[in-house]
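Chemist: turn this into a model:
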Amino acid sequence: MGFWTAMVVMVAIVAGTIMSTAKHKAKKDDPATNARTDELEKQVEALKARIVTLEKIVTDPSYDLKKQFKDLEDDRVA
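Modeler: Purely as a prediction, here's the structure:
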């Protein structure tokens, strides 16, 4: 590879990096993207809270007993 070919390749790499960085920064600063990110973070937090509640219910010792009674009632009705 000649000197000038190497220079063209290096300039192309640097220009590509600069353009990629500029696009990433523009996307990061976009208010619509930030609003969507905030909305998704709120949904994740709400889902985490629901999971904690469900874990408490399912790990409760009386949950299994209630489920067995419910299964017995369903069998009796059928």
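Chemist: now the host helix or strand of residue 38: mean pLDDT?
Modeler: Assigned by DSSP states H and E, residue 38 falls within helix 31-59. In this model, helix 31-59 has a mean pLDDT of 87.
Chemist: quick check: next helix or strand after it?
Modeler: In the C-terminal direction, the helix or strand that comes right after helix 31-59 (DSSP H and E) is helix 61-77.
Chemist: contacting residues around that following helix?
Modeler: residue 57 (C-beta atoms under 8 Å, 6 or more residues apart in numbering). C-beta: built from backbone N, CA, C; applies to glycine.
Chemist: and residue 5, how many residues sit next to it?
Modeler: Residues lying near residue 5 (other C-beta atoms under 10 Å) number 9.
Chemist: actually residue 34, sorry about that
Modeler: The local packing of residue 34 (other C-beta under 10 Å) involves 11 other residues.
Chemist: what does residue 73 give?
Modeler: Neighbours around residue 73, by other C-beta under 10 Å: 10.
Chemist: cool, and residue 25?
Modeler: Number of residues near residue 25 (other C-beta under 10 Å) recorded here: 10.
Chemist: next, the angle from the strand or helix carrying residue 14 to helix 31-59.
Modeler: If you go by DSSP H and E, residue 14 is part of helix 3-28. Using axes from the mean of the first three to the mean of the last three C-alpha atoms, to 10 degrees, the inter-axis angle of helix 3-28 relative to helix 31-59 is 60 degrees.
Chemist: next, the buried residues of stretch 36-56.
Modeler: For stretch 36-56, the neighbour count (16 or more other C-beta atoms under 10 Å) marks no residue as buried.
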